[in-house]
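Asker: 3D model of this:
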Amino acid sequence: MMIETTQSPSHDIVTEPARTSGLSFIKSRYFRNLAESAHLDQPLEALYHKTVPIHKHSFWYYFGGLTLFFFGIQLITGILLLIYYAPTAEGAHKSVEMIITQVPFGWLIRSLHSWSANALVLSMFIHMFSMFLMKSYRTPREIMWLTGVLLLLLMLGFGFTGYLLPWDQTAYFATKIGTEVPKAIPVFGDMTAGLLRGSKEVSGTTLIRLFALHVGVLPLIALLVVLAHVTLTGLLGTTSPVGTPIKRRVYFLPDYVLGEGIVWLIGFGVLLTVAFLYPWQLGKAYDLAKPTEPPAGVHPEWYFMFLFQTLRYVPEMVAIIGFTLVLIFWTAVPWLDRRSKANKKSPLFTIIGIIAILYIATMTTLAYIAVGNEASAEATAAKPAAVAAPNTGGGK
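Answerer: Numbering: from 1, shown residues only. Okay, here's the model as predicted:
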């Protein structure tokens, strides 16, 4: 049986929505027989009658579906890239270069994969914070919130493990910095870094291990958690903020799905345009036989920049312990926010959410400013050296 969205009684008394035509086939005898043979008749019946509340914050619902859409793009483009990719220190960069230059539309598939990865993380951050501020974690959606937090960690894991795969200089040194951080973990630090790297330094073994995580372990776990999250969303429905009047309700099928489809089309159009006009670049290959210094302004992906900047201000161990405690708090929010659980407004947790957003935005901005200043300083220092260098090429 469908579990309806829970809200204060005064806000849930709305008239039965009118259904848009176009789903008569679901009630047809042939479709019902097919559903019964697959033991899907009851879930489909519940889905047919499922409604979605419409209120002034309903717009934020769509970022959940958009995140799912970008995840699908990641799977499809990732499988296509996997056909040509060679996960070795000698062949990784060459295979990516071949994908870009020789495989028909390979450059576009790689660009779609890279840009959609960033779009996925962005839409997931927006979805998570919007659900946090709307207190969508309250009863009976605690487990749904847990699966969402786990999905965020998995998506960040995808970003970290996939960064090294092109095997260019920026990716190499960013991964080197990233795999140094776990060493500050008490007791298990060196072991964790060793498991990630497979050796004392970032090497071909590191590439193979991160590749295995990126295309094998993480996708399998992510698919299971996505299935659980989507199933819980279907069973429990969507909620609205405490005290926000529900204007009306619409049926999930087809009304809400049609709106979601329009958002997906817009998202894909924007993604395709960006991927076409701004192809994802491939840096110079890193040669393990000829170690070099990190290029100017090397840094991780933007969604790790607030962590990167935090490490500039506090010791690594303090940062690790601090962010671990924040993660534990964030996971336990459904049980900590007792006012929302009782369908009361919870301004304290709203303030906490706003502070978290401001912290991430501020640290990310400061990180990019610092990286830009470092790159400018290095470029300025290199100019006098180039001018002072003697001309050993001989005169005319």
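Asker: only C-alpha atoms from now on, for both contacts and neighbour counts.
Answerer: Noted.
Asker: what sits against residue 308?
Answerer: By Cα atoms under 8 Å, 6 or more residues apart in numbering, residue 308 lies in contact with 300, 367.
Asker: check which helix or strand covers it.
Answerer: Using DSSP states H and E, residue 308 sits within helix 305-313.
Asker: and after that helix, which helix or strand comes next?
Answerer: Following helix 305-313 toward the C-terminus (DSSP H and E): helix 316-336.
Asker: just the angle between that following helix and helix 305-313, please?
Answerer: Angle, helix 316-336 to helix 305-313, by axes from the mean of the first three to the mean of the last three Cα atoms, to 10 degrees: 130 degrees.
Asker: ok, and what's touching helix 316-336?
Answerer: 137-139, 142, 145-146, 149, 181, 184-186, 310-311, 341.
Asker: looking at these, which has the smallest pLDDT value?
Answerer: When the contacts of helix 316-336 are compared by pLDDT, residue 186 scores lowest at 81.
Asker: contacts for stretch 144-161?
Answerer: So stretch 144-161 is contacted by 117, 121, 124-125, 128, 137, 175, 210-211, 213-214, 218, 222, 225-226, 228-229, 232-233, 301, 331, 334 (Cα under 8 Å, 6+ apart).
Asker: in helices, which of these appear?
Answerer: 117, 121, 124-125, 128, 175, 210-211, 218, 222, 225-226, 228-229, 232-233, 331, 334 (DSSP state H).
Asker: the stretch 151-300 of the chain: strands as residue ranges?
Answerer: 248-251 (DSSP state E, counting those that start in this stretch).
Asker: remind me what the helix or strand hosting residue 78 packs against, helices and strands.
Answerer: Using DSSP H and E, residue 78 sits within helix 62-82. Judged by 3 or more Cα pairs under 8 Å, 6 or more residues apart in numbering; DSSP states H and E, helix 62-82 is in contact with helix 106-133, helix 257-277.
Asker: any idea which helix or strand comes after it?
Answerer: Criterion used, DSSP H and E; the element after helix 62-82 is helix 92-101.
Asker: quick one: buried residues of that next one?
Answerer: By neighbour count on 16 or more other Cα atoms under 10 Å, the buried set for helix 92-101 is 92, 93, 94, 95, 96, 97, 99, 100.
Asker: what's the most distant pair in the residues you listed?
Answerer: Spatial extent of those (Cα to Cα) is set by the pair 92 and 100 at 12.6 Å.
Asker: wait, which of the helices and strands packed on helix 62-82 is closest to residue 377?
Answerer: That would be, of the helices and strands packed on helix 62-82 and by Cα to Cα, helix 106-133, which comes in at 28.5 Å.
Asker: hang on, the earlier thing: deepest in the core, which of the helices and strands packed on helix 62-82 is it.
Answerer: helix 106-133 (a mean of 21; mean count of other Cα atoms under 10 Å).
Asker: now do that helix: distance to the chain's middle.
Answerer: 6 Å (Cα atoms, centre = their mean, to the nearest Å).
Asker: out of the ones in helices among the contacts of stretch 144-161, which are buried?
Answerer: 117, 121, 124-125, 128, 175, 210-211, 218, 222, 225-226, 228-229, 232, 331, 334.
Asker: nothing else from me, thank you.
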